[in-house]
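> I would like to see how this sequence folds:
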Amino acid sequence: MLKLYGHAKSRAVRVLWLLHELGIEFGHIDCLPRSAETKTPGFLAMNSAGMVPIIDDDGFILAESMAINFYLAKKHNSPLYPSNPKNEALALQWSLWETDRLDRQTVNHARHTADFAEAERNPEIAKAAWADCVHGFGVLENQFQESDWLAGPDFSVADLNVAGALFRALVLDLSKWPKTNAWLNRCWNRPAAQKAKALRG
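Numbering: from 1, shown residues only. Predicted coordinates for the structure are as follows:
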């Protein structure tokens, strides 16, 4: 049976979302990033970086949530995996773009405006992160002038990967980017997304 290691309050949330979309049976070893479980010899033998999420698919070990989702969607012949090579390339493009342009930026903004204790917040980090977020949301808004989705005419692993990484944006005021806001809520309103979200507690 497929095993997923990782907590829903980490990037494992997007893998949990995909697994619920696929409707396949899996085991979930619930461990937080940098927890004691990730420092055991057994875990480090699977992933020497000691990071989550990882999957164990009958002995095939794979890390990095974006890569995991592409692998699982393709392996299980999911319609979420674009069959058209151009849309497949777009799915890769947007997933890679997000990891560079919005992933850490949204995390830093959340940490230094709300998540951290007030004494630990750095307004300069928050300001710089928000400037990057504004640019990234603008890029998405331009994309959604042309299409409702990121990689073809339907919801795909591209939308899941990017929306999954933007969980923190659900509580932001995105009224300046109405099409991006509508897309993000369309994605997270999917039943599988709601199941993954519920696991965050």
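> distance from stretch 41-57 to the middle of the chain?
Distance of stretch 41-57 from its chain centroid, counting by CA atoms, centre = their mean, to the nearest Å, is 19 Å.
> what sits against the residue lying closest to residue 53 once chain neighbours are set aside?
Distances taken as CB to CB, 6 or more residues apart in numbering place residue 6 nearest to residue 53, at 3.2 Å, with adjacent residues excluded. All C-beta spots, glycine's among them, are computed from the backbone N, C-alpha and C. Going by CB atoms under 8 Å, 6 or more residues apart in numbering, residue 6 touches 12, 15, 29-31, 33, 52-54.
> swap the cut-off to 10 Å and go again
Neighbouring residues of residue 6 by CB atoms under 10 Å, 6 or more residues apart in numbering: 12-16, 28-33, 38, 51-55, 63, 65, 68.
> show me which of those residues are buried.
Buried subset of those (neighbour count, 16 or more other CB atoms under 10 Å): 12-16, 28-29, 31, 38, 51-55, 63, 65, 68.
> for the strand or helix carrying residue 131, packing partners?
Secondary structure from DSSP states H and E places residue 131 in helix 123-146. Using 3 or more CB pairs under 10 Å, 6 or more residues apart in numbering; DSSP states H and E, the elements in contact with helix 123-146 are helix 85-101, helix 103-110, helix 178-188.
> try it again at 6 Å.
helix 103-110, helix 178-188 (3 or more CB pairs under 6 Å, 6 or more residues apart in numbering; DSSP states H and E).
> JSON lines for those helices, including mean pLDDT?
JSON lines is the format used below for the helices and strands packed on helix 123-146 (pLDDT from 0 to 100):
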{"stretch": "helix 103-110", "mean pLDDT": "95"}
{"stretch": "helix 178-188", "mean pLDDT": "98"}
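> present those helices as TSV; the columns should include mean neighbour count and distance to residue 88.
Below are these laid out as TSV (neighbours: other CB atoms under 10 Å; distance: least, CB to CB, whole Å):
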stretch	mean neighbour count	distance to residue 88
helix 103-110	19	21
helix 178-188	18	19
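> let's have those in a markdown table, adding distance to residue 84.
Compiled in a markdown table, those are given as follows (distance: least, CB to CB, whole Å):
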| stretch | distance to residue 84 |
| --- | --- |
| helix 103-110 | 26 |
| helix 178-188 | 20 |
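> closest to residue 148 out of the ones you listed?
helix 178-188 (6.9 Å; CB to CB).
> now do that closest one and helix 123-146, the angle between them.
Using axes from the mean of the first three to the mean of the last three CA atoms, to 10 degrees, the direction of helix 178-188 lies 90 degrees away from that of helix 123-146.
> distance of the residue of the chain most remote from its centre from residue 112?
Ranked by distance from the centre of the chain (CA atoms, centre = their mean), the top residue is residue 119, with 28.8 Å. Residue 119 is 12 Å from residue 112, where distance means CB to CB, to the nearest Å.
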